[in-house]
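In: turn this into a structure:
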Amino acid sequence: MSRTRLLAGAWCSWLYNDWLSHLPSRLVRTRALRWWLGCLGAGSGVQMHCRFLHGPGVHLGERCVINHGCLLDGRRYPIRVGSDVSIGPEAAILTLGHDPRSPEFADRGGPVTIGDHVWIGFRAIVLPGVTIGDGAVVAAVAVVSRDVPPFTIVAGNPARPIGERPQPMGYRLNYRPFLL
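Out: Numbers count the residues shown, from 1 in each chain. Take a look at the predicted model:
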């Protein structure tokens, strides 16, 4: 990647994460995200204080709700989020980390895929390379290190199945607060 592109990417990241994400104007933030993210589906909303590491790697489907303070890491590997997904406050979706067994502190990661009608709770963490199936629920503060099958409810660290969600899911999210 050229130095110019890296500089432009760093500039966009700083501008959104440190300035625009703090504006209490959904309209301004949405317009900026439509330009910067890989995709921002119709009816999707990102609340204040969310941070994106490499916005072009983040693809949000229709009617997604990204609550305040979330971190979405689209560096090197993409994050693909389906439609009608609710991501709770301060959750983190990560695609890149380090190999703890590497003497060189080598990078390790993978893409994250989140299906339709998924609900991710408050301060949950989704680690690199994970796929969360349609209709699944990730409980608050859970750490997801493995794939989650469709319509499965997981909780804990590491996240483990604790139940199932009824199917089919037919709801359509429509949460559009004025200032958040």
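In: which neighbouring elements make contact with the longest helix along the chain?
Out: Ranked by number of residues, the top helix in the chain under DSSP state H is helix 3-18. Other elements packing on helix 3-18 under the criterion 3 or more CB pairs under 8 Å, 6 or more residues apart in numbering; DSSP states H and E are helix 26-36, strand 51-53. Bear in mind the C-beta positions are built from the backbone N, C-alpha and C, glycine included.
In: what's downstream of the shortest one, the next helix or strand?
Out: It stands for strand 51-53. Later in the chain than strand 51-53, the nearest helix or strand by DSSP states H and E is strand 58-60.
In: beta partners of the residue lying closest to residue 112 once chain neighbours are set aside?
Out: Using CB to CB, 6 or more residues apart in numbering and skipping residues adjacent in sequence, the residue nearest residue 112 is residue 79, 4.8 Å away. Counting by DSSP bridges, residue 79 is bridged to residue 58, residue 112.
In: in this structure residue 79 contacts residue 59, no?
Out: Yes - using CB atoms under 8 Å, residue 79 is in contact with residue 59, at 6.7 Å.
In: so the two - more neighbours on which side?
Out: Regarding residue 79 and residue 59, a neighbour count based on other CB atoms under 10 Å identifies residue 79 as having more, with 26 against 17.
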